[in-house]
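In: okay, predicted coordinates and the sequence, questions at the end:
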Amino acid sequence: MMPSKDSKHPPNLKISNIGEKKLIKRLLSRSRASQPNSPFFDEFYFKSLSDDAALIDLGDNYLVVTSDLLLESSHLPSDMSPEDRGRKVVTVNVSDLAAMGAKPIGFILSLGLPEDLPLNEFDEIMDGVLKSCQDYEMGLMGGDTNQSDELILSGTCLGIVGKNKVLMKEGARPGDVVAVTGSLGVAAAGFEFLLSPQPVKENLKKELRNSTLKLIQKQAIQPRARLKEGISLANTGAVTSATDITDGLASEVGELLEASKNSVGISLFETMIPITLEVEELATALDQDPLDLALYYGEDFELLLTIEKDEFKHLKDEFGLHQVGVVTDSGKMEIINKDGKTNILEGKGYQHFVNK
Ligand SMILES: Nc1ncnc2c1ncn2[C@@H]1O[C@H](COP(=O)(O)OP(=O)(O)OP(=O)(O)O)[C@@H](O)[C@H]1O
Ligand SMILES: Cc1ncc(C[n+]2csc(CCOP(=O)(O)O)c2C)c(N)n1
Ligand SMILES: [Mg+2]
Ligand SMILES: [Mg+2]
Ligand SMILES: [Mg+2]
């Protein structure tokens, strides 16, 4: 076994001192080092290792494989129905396929179930999984079932994409338009409402319009993956890089720059970030900045794309895209505020072990 690199760290350091992103980097670099001559680690496989999904060479196509895990305590607010829980584990995985432009083939479901889970709830979770698999046009292929203290839903999703179509985090070029497939911060607003202490929640119910409450909760409880958009956009050949927005826009912008080894930069325009009135309404009621909800919260499941400038104009209307910035040659993440002032954009976002 490869030695761990903990010589740099005092023995009492906890994983929460490092955070999810650094932990993943640490395990991926150990994985590479442990198999230096493995045929699995050729250049392309290597790159796809830190992308939204792994790519396996099938000749003209890639088999695309991704895995995402939901824990009741971290991902599933109590207001979510069992069926919505089942749907979500499929959606979070399909979202990563959408980000690669891949068409789903099949789903593998692993369950950790508390022993006292009512049988009808189990059936409803499975209704959600199976309906969602149908919506995304794939079948359930396998899985595993265990007992656990809390509900755990883990998915693995397989897909396929033409080699010349695949969308990756790497590939943005200076001059490209930076765009997203929908408005941001809506799920954040929903979670802020759903996770508020009861008295705050009661106040919000009085203060916010019913339509606002409905919309923000729907986005948090019943998210959908931008699969059709991902596949169709990959077919245009105009998208130079892509990822899905699960940890917040700023964090995902950081992912695109890192994938290009900071050979490009991205400047966002604060005034162009699509924030709906509903998100502003919730943010005002909680005395929060709506921009923070859009930039740093996550679970929007929109796609973040860089697109050739000349192609963007006609793709914008066809796919309902919103330009949020431009790719630069600065190697930096920046945000231009309402007064035209340029500030450094911190690549922070939702990180397990750091966000509680
Ligand atoms: N435990 C792990 N073992 C091996 N690879 C991992 C592990 N955890 C994450 N990765 C890989 O690291 C990369 C980043 O993972 P991450 O989960 O942040 O991406 P994501 O699934 O696109 O985002 P999110 O989980 O926020 O939806 C992915 O390529 C993923 O496969
Ligand atoms: C009970 C409960 N508490 C908090 C949240 C909010 N939340 C959890 S994980 C995440 C980001 C992406 O996570 P991942 O990287 O695991 O995909 C967000 C915004 C929630 N959904 N449910
Ligand atoms: Mg992803
Ligand atoms: Mg993941
Ligand atoms: Mg994440």
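Out: Nice, I can see it. Ligands and ions are numbered 1, 2, ... in the order given.
In: now do the helices in the protein.
Out: 15-18, 20-34, 43-48, 72-75, 82-100, 119-135, 186-194, 198-207, 210-221, 227-236, 249-259, 277-285, 290-296, 309-319 (DSSP state H).
In: return the most buried member of the ones you listed.
Out: Comparing those by mean neighbour count (mean count of other CB atoms under 10 Å), helix 82-100 ranks first with a mean of 26. C-beta: built from backbone N, CA, C; applies to glycine.
In: so does it get close to ligand 1?
Out: Yes: shown here: helix 82-100 in contact with ligand 1 (CB under 6 Å from any ligand atom) through residue 96.
In: which one of the helices of the chain lies closest to residue 163?
Out: Across the helices of the chain, residue 163 has its closest neighbour in helix 43-48 (9.5 Å, CB to CB).
In: other SSEs contacting the closest one?
Out: Judged by 3 or more CB pairs under 8 Å, 6 or more residues apart in numbering; DSSP states H and E, helix 43-48 is in contact with strand 54-57.
In: buried stuff in the strand it packs on?
Out: For strand 54-57, the neighbour count (16 or more other CB atoms under 10 Å) marks 54, 55 as buried.
In: partners of that strand in the sheet?
Out: Counting by DSSP bridges, the strands paired with strand 54-57 are strand 61-71 (antiparallel).
In: tell me what residue 269 is bridged to.
Out: In beta-bridge terms (that is, DSSP bridges), residue 269 pairs with residue 336.
In: number the residues from 248 up from this point.
Out: Sure thing, new numbering starts at 248, so read that last one as residue 516.
In: looks like it contacts residue 571 (just checking).
Out: Yes: if you go by CB atoms under 8 Å, residue 516 and residue 571 touch, sitting 6.8 Å apart.
In: coming back round to it: looking at the helices of the chain, spot the one closest to ligand 3.
Out: helix 329-347 (4.5 Å; CB to the ion).
In: which one's more surrounded, residue 516 and residue 571?
Out: Using other CB atoms under 10 Å, the more surrounded residue of residue 516 and residue 571 is residue 571, with 25 against 17.
In: how about residue 321, what does it touch?
Out: By CB atoms under 8 Å, 6 or more residues apart in numbering, residue 321 lies in contact with residue 599.
In: let me see the contact set for the closest residue to residue 568 other than its chain neighbours.
Out: Closest residue in space to residue 568, ignoring its immediate chain neighbours: residue 426 at 4.4 Å, by CB to CB, 6 or more residues apart in numbering. Neighbouring residues of residue 426 by CB under 8 Å, 6+ apart: 551, 552, 553, 554, 559, 563, 568, 569, 570, 571.
In: for residue 426, give its distance to residue 569.
Out: Residue 426 sits 6 Å away from residue 569, going by CB to CB, to the nearest Å.
In: look up how far residue 294 lies from residue 304.
Out: 12 Å.
In: which bits of the protein sit near ligand 5?
Out: Within reach of ligand 5 by CB under 5 Å from the ion, the chain has these residues: 493, 494.
In: ok, the residue in the stretch 348-497 of the chain that ligand 1 sits nearest to - contacts?
Out: Taking CB to the nearest ligand atom, ligand 1 has its nearest neighbour within the stretch 348-497 of the chain at residue 493, 3.4 Å off. Under the criterion of CB under 8 Å, 6+ apart, the neighbours of residue 493 are 339, 342, 499, 545, 546, 547, 548, 597.
In: name the nearest residue to the fourth one, sequence neighbours excluded.
Out: Spelled out, it's residue 545. Excluding the flanking residues, the one nearest residue 545 by CB to CB, 6+ apart is residue 597, at 3.9 Å.
In: so how far is residue 512 from the one you found?
Out: In terms of CB to CB, residue 597 sits 23 Å off from residue 512.
In: need the contact list for residue 397.
Out: Contacts of residue 397 (CB under 8 Å, 6+ apart): 318, 319, 320, 359, 361.
In: pLDDT value on it, please?
Out: Listed pLDDT for residue 397 reads 98.
In: isn't residue 291 right up against residue 304?
Out: Yes: assessed by CB under 8 Å, residue 291 is found in contact with residue 304 at 7.2 Å.
In: could you dump stretch 394-410 to PDB, C-alpha only?
Out: Output of stretch 394-410 as PDB, limited to C-alpha atoms (Å, rounded to 0.1, in the frame of the first residue of the first chain):
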ATOM      1  CA  GLN A 394     -29.200  -2.000   7.200                       C
ATOM      2  CA  SER A 395     -28.000   1.400   8.600                       C
ATOM      3  CA  ASP A 396     -28.800   4.000  11.200                       C
ATOM      4  CA  GLU A 397     -30.000   6.600   8.800                       C
ATOM      5  CA  LEU A 398     -31.500   6.500   5.300                       C
ATOM      6  CA  ILE A 399     -28.700   6.300   2.700                       C
ATOM      7  CA  LEU A 400     -29.400   6.400  -1.000                       C
ATOM      8  CA  SER A 401     -26.400   5.800  -3.300                       C
ATOM      9  CA  GLY A 402     -26.600   5.800  -7.100                       C
ATOM     10  CA  THR A 403     -24.300   4.900  -9.900                       C
ATOM     11  CA  CYS A 404     -25.300   5.900 -13.400                       C
ATOM     12  CA  LEU A 405     -24.000   4.700 -16.700                       C
ATOM     13  CA  GLY A 406     -24.300   6.600 -19.900                       C
ATOM     14  CA  ILE A 407     -22.900   6.900 -23.400                       C
ATOM     15  CA  VAL A 408     -21.600   9.800 -25.500                       C
ATOM     16  CA  GLY A 409     -19.900  10.200 -28.800                       C
ATOM     17  CA  LYS A 410     -16.100  10.700 -28.400                       C
END
